[in-house]
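Enquirer: Test case, fold it:
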Amino acid sequence: MTVPLSILDLATIGKGQTAAESLAGSVAMAQLAEKRGYRRVWYAEHHNMSAIASSATSVLIAHVAAHTESIRLGAGGVMLPNHSPLTIAEQFGTLETLHPGRIDLGLGRAPGSDQNTMRALRRDPMSADSFPQDVLELQGYLTGPTRIQGVEATPGKGTNVPLYILGSSLFGARLAAQLGLPYAFASHFAPQALQDAVSIYRSEFKPSAQLDAPHVIAGVNVIAADTAAEAQAALRATMRARVSLFFGGGREFTDDEADMVLDSPQGQHISQMMRYSAVGTPEAVKEYLDEFAAHADADELIVAHQSNGTAERLRSVDLLADVAGLVPA
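Expert: Purely as a prediction, here's the structure:
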């Protein structure tokens, strides 16, 4: 590979699977990623989604960290407007204290949920407006000096947990550039503004104490399988699962029902979300990722292995490592 590879683990609860089985799969994926030389594994904060088990992101990171030895782990990301900056500083300061040199903190400003769930989280709908100030407050708790006189994060102060700005729009790109932080673009599900956002980030970047040059991480879906036919079948199964997630209202569609939605104008949205997807044999996936890294002007790729079953995702992780030339630390 021309750039390092990392993993975004969506902690997917597959059809017929329990949350406990999904979380055990996350441990197995991180252990395999560590063994095979991936740079980091991140987990995303989502709420009220029956197919995603990473809602308590910091708790999941702690569990996986206790079952691995060296791979970096982090949030990709924590939706900061759902929380107070002090609480997140304490959580990730604790993680860094327990697992020094291994913890990342990616920050987003989206709700990671719907309007009803926002209310259940006690989130103020206007809280996203203070995201830039909240990032700075959080940074002060982790690096010092604190921006709130007399308030320190314990653990947290002096841990210097590295921050990353996540985004799918030009807002995040400009903020990351202004603050001199790495920028992770969510092109694995929101591809539209990728090139414009990266261009703005690179042109407006200002060096900081954390980072002296721009660093772009781009998200991309991956389904690597032993044959192209297996990969395409896994892709179809993944897209059917997304139909149930976005249109099911709590029920699972049959395959025929999901296919009807996918073939309709409404289903085109799902296809657009997965525009950047490397699907096929390991060699085909590697070729796609090399081209995508250049297209995205990325310094690192974070791949979301999208097969529905844990065994299939682990196989995809392994197959990609085989052809990417990854070297364990």
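
Enquirer: quick one: the helices in the stretch 1-150 of the chain?
Expert: Taking DSSP state H, counting those that start in this stretch, the helices of the stretch 1-150 of the chain run over residues 19-36, 57-66, 85-98, 115-120, 131-143.

Enquirer: Compile those into JSON lines and extend it with columns for mean neighbour count and mean pLDDT.
Expert: Every C-beta, even on glycine, is put in place using the N, C-alpha and C of the backbone. JSON lines is the format used below for the helices of the stretch 1-150 of the chain (neighbours: other C-beta atoms under 10 Å; pLDDT from 0 to 100):
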{"stretch": "helix 19-36", "mean neighbour count": "19", "mean pLDDT": "98"}
{"stretch": "helix 57-66", "mean neighbour count": "20", "mean pLDDT": "98"}
{"stretch": "helix 85-98", "mean neighbour count": "21", "mean pLDDT": "98"}
{"stretch": "helix 115-120", "mean neighbour count": "13", "mean pLDDT": "83"}
{"stretch": "helix 131-143", "mean neighbour count": "20", "mean pLDDT": "97"}
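
Enquirer: biggest helix in this protein by residues?
Expert: helix 228-247 (DSSP state H).

Enquirer: packing partners for the helix or strand following that one?
Expert: Per DSSP states H and E, the first helix or strand lying C-terminal to helix 228-247 is helix 255-262. Contacts defined by 3 or more C-beta pairs under 8 Å, 6 or more residues apart in numbering; DSSP states H and E place helix 255-262 against helix 228-247.

Enquirer: Tell me the buried residues in the helix it packs on?
Expert: Burial within helix 228-247, assessed by neighbour count using 16 or more other C-beta atoms under 10 Å, is assigned to 230-231, 234-235, 237-245, 247.

Enquirer: That one - contacts with which helices or strands?
Expert: strand 216-224, helix 255-262, helix 268-273, strand 277-280.

Enquirer: can you give me the offset of the shortest one from its chain's centre?
Expert: Going back to what we said before, that points to strand 277-280. 18 Å (C-alpha atoms, centre = their mean, to the nearest Å).

Enquirer: Just the CA coordinates for it, please, in PDB.
Expert: Extracted as PDB, the C-alpha positions of strand 277-280 are listed here (Å, rounded to 0.1, in the frame of the first residue of the first chain):
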ATOM      1  CA  SER A 277     -16.100   0.800  -1.800                       C
ATOM      2  CA  ALA A 278     -13.300  -1.700  -2.600                       C
ATOM      3  CA  VAL A 279     -15.100  -5.000  -3.400                       C
ATOM      4  CA  GLY A 280     -13.500  -8.100  -4.800                       C
END
